[in-house]
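Q: Task: produce atomic coordinates for the following.
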Amino acid sequence: MRDRLLNTLKYERERLGLTQAALAEAVGVSRKTINTVENVVFLPSTLLALELARVLDRPVGKLFQLND
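A: Presented below is the predicted three-dimensional model:
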């Protein structure tokens, strides 16, 4: 499943000038969690994906896509 999921999390985070630590604090997770989601090592829960979308002001579908 991991090989099918793409994300723009790093791009969107950097667009807002946020560090991984700042984004992690804003959504209530560790910096390592943000790193592993960005690198598709860890698949986020629905709740985490929604929190990331809220903080980054992007729809979930803009942050995460399936690689068909």
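
Q: Spit out the contact partners of the residue located most distally from the centre of the chain.
A: Computed with C-alpha atoms, centre = their mean, the maximum C-alpha offset from the centroid of the chain is found at residue 68, amounting to 19.5 Å. Listed by C-beta atoms under 8 Å, 6 or more residues apart in numbering, the contact set of residue 68 reads residue 4. To be clear about C-beta, it is placed using only N, CA and C from the backbone, and glycine gets the same treatment.

Q: now swap in residue 19 and tell me
A: Residue 19 is in contact with residue 13, counting by C-beta under 8 Å, 6+ apart.

Q: Roughly how far does it sit from residue 50?
A: Distance of residue 19 to residue 50, computed by C-beta to C-beta, to the nearest Å: 21 Å.

Q: got it, and residue 17?
A: 22 Å.

Q: all strands of this protein, in order?
A: Under the criterion DSSP state E, the chain contains strands at 5-7, 64-66.

Q: who has more neighbours, residue 17 and residue 50?
A: Taking other C-beta atoms under 10 Å, residue 17 and residue 50 do not tie; residue 50 has more neighbours (14 against 7).

Q: Many thanks, have a good one.
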